[in-house]
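Q: The following comprises the amino acid sequence and a computationally predicted model.
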Amino acid sequence: MIKLTEEEKRIRHRDVERRRRERKGDEINALSREKYKTDPGYRAKKKAVATRWFKENPENVLAQAKRYREKNKDKIWAKAHTEEAIENKKQRMRKDYSRNRQLRKEESSERYNANREKITRNRRLKGYNTKTECVEYKGGKCVVCGAIGHQSMMTFHHRDPSKKEFSISSKLANGWTLERLKPELDKCDLACASCHNYITWLIKNIDLIELGLVEQ
Ligand SMILES: [Zn+2]
């Protein structure tokens with residue numbers, strides 16, 4: 001009898017195994033799948049083998065997976081697009097989202113703190129430039145006294161307070177553009193600060209004025 005070397009034994013075993021698989025591969029696969037599901041010991045062993053195999057032959061495994069994906073494209077697509085699979089994916093994404101939300105919050109506040117000075121400076125500059133545009137859009141001078149002043153002295157007065165949705169200055173601070181402000185600007189007149197103060201006072205105290213109790 002010829003004595004086989006370890007290597008020859010291994011090759012022979014592999015060939016026997018391959019022939020057996022060719023004959024009843026499906027049957028063997030079904031059995032082993034069933035066992036994998038029901039037998040935790042078997043499952044652990046299979047996983048260990050697969051992990052080791054993957055670590056030793058990463059390229060082979062990836063190539064094999066690629067071949068499998070190409071061959072079974074339709075099957076994989078169908079499996080990933082059942083209602084259940086879609087719902088599972090949604091849930092997974094939701095979970096990831098909430099898990100990452102805290103992280104993203106922290107990152108963004110870190111970024112803000114690191115650049116706080118630059119960010120607020122840019123915001124103020126943007127507000128300044130937009131206010132210049134708004135003052136120009138409204139004619140550039142006080143509608144009451146005709147004064148042309150520095151933009152810090154110019155205010156936007158709502159003709160009809162009941163139609164006021166917000167104050168222009170608050171939105172300028174929030175970085176709104178002229179285009180976005182136009183609908184609200186159209187309800188306003190440009191007034192210098194002193195005229196604006198006076199108009200506001202007049203409106204508020206119209207009763208006292210009518211009663212002749214205060215001077216206009
Ligand atoms: Zn004025």
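A: Looks like it came in fine. Note that the structure is predicted; figures quoted are calculated from it, not measured.

Q: low pLDDT regions in this protein?
A: Applying pLDDT under 70 to the chain flags residues 1.

Q: Please identify the helix or strand for Ser109.
A: helix 83-114 (DSSP states H and E).

Q: same check, this time on Ala191
A: Going by DSSP H and E, Ala191 is part of strand 188-192.

Q: That strand pairs with which strands, and in what direction?
A: strand 154-158 (antiparallel) (DSSP bridges).

Q: Remind me what the very next helix or strand once past the strand it pairs with packs against, helices and strands.
A: Following strand 154-158 in sequence order, the next helix or strand is helix 168-173 (DSSP H and E). Contacts defined by 3 or more CB pairs under 8 Å, 6 or more residues apart in numbering; DSSP states H and E place helix 168-173 against helix 116-137, strand 154-158, helix 178-185. (Each C-beta comes from the backbone N, C-alpha and C, glycine too.)

Q: in helix 168-173, what's buried?
A: Buried residues in helix 168-173, defined by neighbour count with 16 or more other CB atoms under 10 Å: Ile168, Lys171, Leu172.

Q: Just give me the closest of those residues to Arg52.
A: Nearest to Arg52 among the buried residues of helix 168-173 is Lys171, at 63.4 Å by CB to CB.

Q: what residues are up against that closest one?
A: Listed by CB atoms under 8 Å, 6 or more residues apart in numbering, the contact partners of Lys171 are Arg180, Leu181, Glu184.

Q: want to throw these into a markdown table with neighbour count and distance to Gln102?
A: Listed next are the contacts of Lys171 as a markdown table, based on neighbours: other CB atoms under 10 Å; distance: CB to CB, whole Å:
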| residue | neighbour count | distance to Gln102 |
| --- | --- | --- |
| Arg180 | 12 | 32 |
| Leu181 | 21 | 35 |
| Glu184 | 19 | 37 |
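
Q: How about the residues of this structure by the ion?
A: Cys142, Val144, Cys145, Ala147, Cys192, Cys195 (CB under 5 Å from the ion).

Q: of those, buried ones?
A: For the residues of the chain next to the ion, buried by 16+ other CB under 10 Å: Cys142, Val144, Ala147, Cys192, Cys195.

Q: Can you list which of these are found in helices?
A: Taking DSSP state H as the definition of helices, those contribute Cys195.

Q: Report how many residues lie close to Glu117.
A: Residues lying near Glu117 (other CB atoms under 10 Å) number 8.

Q: Next, count neighbours for Phe156.
A: Using other CB under 10 Å: Phe156 sits among 21 other residues.

Q: what's the answer for Thr155, then?
A: 23.

Q: ok, the spatially closest residue to it that is not a sequence neighbour to Val144 distance?
A: Nearest residue to Thr155, sequence neighbours excluded (CB to CB, 6 or more residues apart in numbering): His196, at 4.4 Å. His196 sits at a distance of 8 Å from Val144 (criterion: CB to CB, to the nearest Å).
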